[in-house]
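Student: Need a 3D model of the sequence below.
(chains A and B)
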2 protein chains.
Amino acid sequence: MPHVALGPGREFDRVRAVQAALGPAAAGLGDDCAVLPPAALAGAALVVSTDASVEDVHFRRGWLTLEEVGWRAAAAALSDLAAEGAEPLGLVAAVAVPAGAEDAALTELMRGVGAAAAAVGTRVLGGDLTAGPVWAVAVTVFGRAERPVTRAGARPGDGLWVTGALGGARAALEALEAGTAPAPAARERFARPAPRIAAGRWLAAHGATAMLDLSDGLGGDVRHLAAASGVRLAVALEQAPVAADAVAPARAADVPVQRWVAEGGEDYELLVTLPPTFGAAEARAFEAATGLALTRIGAVERGAGVDVRLAGRPLALRGFDHFG
Amino acid sequence: MPHVALGPGREFDRVRAVQAALGPAAAGLGDDCAVLPPAALAGAALVVSTDASVEDVHFRRGWLTLEEVGWRAAAAALSDLAAEGAEPLGLVAAVAVPAGAEDAALTELMRGVGAAAAAVGTRVLGGDLTAGPVWAVAVTVFGRAERPVTRAGARPGDGLWVTGALGGARAALEALEAGTAPAPAARERFARPAPRIAAGRWLAAHGATAMLDLSDGLGGDVRHLAAASGVRLAVALEQAPVAADAVAPARAADVPVQRWVAEGGEDYELLVTLPPTFGAAEARAFEAATGLALTRIGAVERGAGVDVRLAGRPLALRGFDHFG
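Tutor: Sure, this is the predicted structure:
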């Protein structure tokens, strides 16, 4: 869709600059609404999620470039589509710009939003600009899913699995908070998380019964999944896949590394329940298709709540609380 | 759609409180995504818009209750759907809550969001909560349109029309900024604008060629419409429908009242171009169907830009700039 020709005015000057920076990562900006033709849904369900990132709550300016702030905000929202097994159709971004910020700063942030969208094959379809006391970005994503996977479908007997490796984001966050330089891979995980769109779609197509993305940390998110599905989740935490960069900080904190990674947030890996027939061969097929590990860390049982154990010993995990 | 059962945690306590406050104005909160079944679109285009409201930029706390802040934020976004001729399917809201705010303050704000949604027959389908330095709400609305009406379709020969009456929001805003009490009808227009959903759908079904909602004021928005459609708009400003509450402040400012209302923003009426065959009889049918006036204020011509005249004398109107 071509961009709409814009009238005069300061806000429109900024929209024009954003359009130019986004190039093909944007489509049809400038009207009251973004419009997707009926064929975009083509009989699938419409799936929508919104996610806000606020300066000094979710990030500090000294930690991230504005391009990374934009990427991370978009990736966090796209990760919710991944957790639903959905294919992205587009996103819109409402951005608050602090007084005195250069137009170049806004275009840098929006370039990050556009890059995260383009990385999963989708585009920026619209937005809203406003002044504000700090940088803030609310990204709303929408997608299509033939078979949306909610948090509510786990059944006793299912296996509990997790994609990728955990703890990289916490390793980066703690280094940044301590004023030291994170390891490059950990920093990348924190600054430019990759929404697991392909993984989520593969899992949805291969029987996933419930799924969510690990934004609150494994410790918190297993409880959310158990509550939504009305089941008990038994977690063998020693099975949790650990990012290499998590080992040293866990040792320095004198905490078992699997516990340390389970109490960190924002890895944006997928936590998924799969039927009992899903085993090692299917996990290898997933890895071949996506390039990501898929690790069984527990089982779904009748009951309520969670039973997290590390080498057989019960453990009460802290969740990671964004709100505060 | 039933709500998803929620796990423990502070953020989820807040979501639970919001669910309880919204009642039937919310649906299916608590999952990663809101999901709408394929039948919701049923062959129509998907139409999406996002709109942010930030404390001390779009409103001051002393001017509005939090319920009104929520209503106004949702209504501003829904107004974009109205301008596309779309039927709302739902909305999501990302809310930043200042440190120290009571949970009751958040539920009050969300009650306003839910009430604005319910007033046009739709619901809150999801959201995101975060801390922030001030109250801020980003509302993203989505809807369906058999025939989306953009800003780009005006053709030479079309008439230029406007719904309702203008200037109430400016009258309220100026009173509030001066520390005086606005007239009740003007205050209502500012605090609880009514998204013109039914009017927009009626106009889309009766040949509207281009449409937008008057958020930047008639002075700015005629230029946006002219630019998007690649036409010239000739406006006979003496025809502009004036809200009763605008008369006294315009007189006090020693400005012709039609000019005064055209330089105010946020009335959220619709500016629409209609084919030459659309005349007084059709306008009466619109008024019978919607209870709103529909007034012809000008014509679409070949060319570019705008030609605004008041009683024949050319006039350069200021737009109303939200950004700043």
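Student: Determine whether any part of stretch A:110-125 lies close to chain B.
Tutor: Yes - residues of stretch A:110-125 are located near chain B by Cβ under 8 Å from any Cβ of the partner chain, namely A:L125. For every residue, glycine as well, the C-beta is placed using N, CA and C.
Student: Pull out the buried positions in that stretch.
Tutor: A:110-120, A:122-125 (16 or more other Cβ atoms under 10 Å in any protein chain shown).
Student: Please state the offset of it from the chain centre?
Tutor: Distance, stretch centre to chain centre, for stretch A:110-125: 14 Å (Cα atoms, centre = their mean, to the nearest Å).
Student: now do stretch A:179-188
Tutor: Distance, stretch centre to chain centre, for stretch A:179-188: 19 Å (Cα atoms, centre = their mean).
Student: contact partners of it?
Tutor: A:G168, A:A169, A:A171, A:A172, A:A175, A:L176, A:F190, A:A243, A:A244, A:D245, A:A246 (Cβ atoms under 8 Å, 6 or more residues apart in numbering or on different chains).
Student: Excluding chain neighbours, give the residue nearest to the fifth one in space.
Tutor: If I follow you right, that is A:A175. A:P182 (3.9 Å; Cβ to Cβ, 6 or more residues apart in numbering or on different chains).
Student: What is the burial count for the one you found?
Tutor: Applying other Cβ atoms under 10 Å in any protein chain shown, we find 23 residues neighbouring A:P182.
Student: State which strand of chain A is the longest.
Tutor: strand A:87-98 (DSSP state E).
Student: between that strand and strand B:87-98, how many degrees?
Tutor: Interaxial angle, strand A:87-98 versus strand B:87-98 (axes from the mean of the first three to the mean of the last three Cα atoms, to 10 degrees): 40 degrees.
Student: ok, strand A:87-98: who's next to it in the sheet?
Tutor: strand A:124-132 (parallel), strand A:136-145 (antiparallel) (DSSP bridges).
Student: and whichever helix or strand comes after the longest one, is it in reach of chain B?
Tutor: Toward the C-terminal end, the helix or strand that comes next after strand A:136-145 (DSSP states H and E) is strand A:159-163. No - with Cβ under 8 Å from any Cβ as the threshold, strand A:159-163 lies outside contact range of chain B, at a closest distance of 14.6 Å.
Student: quick one: A:R170 is in a helix?
Tutor: Yes - A:R170: assigned to a helix according to DSSP: H, G, I helix; E, B strand; the rest coil.
Student: how about the helices of chain A, start to end?
Tutor: Taking DSSP state H to define them, one finds helices in chain A at A:10-22, A:38-41, A:66-83, A:103-119, A:168-177, A:184-191, A:197-205, A:218-229, A:247-252, A:257-262, A:280-290.
Student: how about the shortest one: buried residues?
Tutor: Spelled out, that is helix A:38-41. A:A40, A:L41.
Student: With the last one instead?
Tutor: The neighbour-count check on helix A:280-290 (16+ other Cβ under 10 Å) flags A:E282, A:A283, A:F286, A:T290 as buried.
Student: Other residues contacting it?
Tutor: A:161, A:163, A:196, A:198-199, A:202-203, A:206, A:274, A:292-296.
Student: how big is the angle separating it from strand A:159-163?
Tutor: Taking the same axes, to 10 degrees, one finds helix A:280-290 and strand A:159-163 inclined to each other by 20 degrees.
Student: How about the fifth one?
Tutor: Helix A:168-177 and strand A:159-163 meet at an angle of 50 degrees, taking the same axes, to 10 degrees as the criterion.
Student: Now do helix A:168-177: distance to the chain's middle.
Tutor: Computed by Cα atoms, centre = their mean, the chain-centroid distance of helix A:168-177 equals 17 Å.
Student: what is the mean pLDDT for stretch A:50-59?
Tutor: The average of the pLDDT scores along stretch A:50-59 is 94.
Student: how about that stretch against chain B, any contact?
Tutor: Yes - Stretch A:50-59 lies within reach of chain B by Cβ under 8 Å from any Cβ, at A:T50, A:D51, A:A52, A:S53, A:V54, A:D56, A:V57, A:H58.
Student: where among the helices of chain A is the average confidence lowest?
Tutor: Among the helices of chain A, helix A:10-22 scores lowest, with a mean of 77.
Student: In terms of secondary structure, what does it contact?
Tutor: Helix A:10-22 sits against helix A:103-119, strand A:124-132, with contacts defined as 3 or more Cβ pairs under 8 Å, 6 or more residues apart in numbering or on different chains; DSSP states H and E.
Student: What are the buried residues along the shortest one?
Tutor: Judged by neighbour count using 16+ other Cβ under 10 Å, the buried positions of strand A:124-132 are A:V124, A:L125, A:G126, A:G127, A:D128, A:L129, A:T130, A:A131, A:G132.
Student: That one vs helix A:103-119, what angle?
Tutor: Interaxial angle of strand A:124-132 relative to helix A:103-119 (the same axes, to 10 degrees): 150 degrees.
Student: Give me the number of neighbouring residues for A:D56.
Tutor: Look at A:D56: counted by other Cβ under 10 Å, it has 14 neighbours.
Student: got the buried residues for stretch A:138-154?
Tutor: For stretch A:138-154, a neighbour-count test (16+ other Cβ under 10 Å) marks A:138-145, A:148-154 as buried.
Student: ditto for stretch A:84-91
Tutor: Buried residues in stretch A:84-91, counted by 16+ other Cβ under 10 Å: A:E84, A:G85, A:A86, A:E87, A:P88, A:L89, A:G90, A:L91.
Student: With adjacent residues omitted, what lies nearest to A:G70?
Tutor: A:G112 (2.8 Å).
Student: ok, now A:L78?
Tutor: That would be A:P195: by Cβ to Cβ, 6+ apart, it lies 3.7 Å from A:L78.
Student: okay but the one you found is in contact with A:R72, surely?
Tutor: No - A:P195 lies out of contact with A:R72 (Cβ atoms under 8 Å); the separation is 10.6 Å.
Student: who touches the residue lying closest to A:F190 once chain neighbours are set aside in this structure?
Tutor: The shortest distance from A:F190 to any non-neighbouring residue, by Cβ to Cβ, 6+ apart, is to A:A172 (3.5 Å). Counting by Cβ under 8 Å, 6+ apart, A:A172 makes contact with A:P182, A:A183, A:A186, A:R187, A:R189, A:F190, A:A191, A:D245.
Student: can you check A:D221 too?
Tutor: A:D221 makes contact with A:L212, A:L214, A:S215, A:L271, A:G319, according to Cβ under 8 Å, 6+ apart.
Student: In TSV: those, plus distance to chain B and pLDDT.
Tutor: Compiled in TSV, the contacts of A:D221 are given as follows (distance: Cβ to the nearest Cβ, whole Å; pLDDT from 0 to 100):
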residue	distance to chain B	pLDDT
A:L212	6	96
A:L214	11	95
A:S215	9	88
A:L271	11	98
A:G319	6	70
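Student: Just among these, which is most surrounded?
Tutor: Busiest of the contacts of A:D221 [other Cβ under 10 Å] is A:L214, holding 29 neighbours.
Student: Tell me how far A:V35 lies from B:A45.
Tutor: 5 Å (Cβ to Cβ, to the nearest Å).
Student: Can you pull the residues that touch both of these two?
Tutor: With Cβ under 8 Å, 6+ apart, A:V35 and B:A45 have common neighbours B:A145, B:P148.
Student: Since that was my last question, I'll sign off now.
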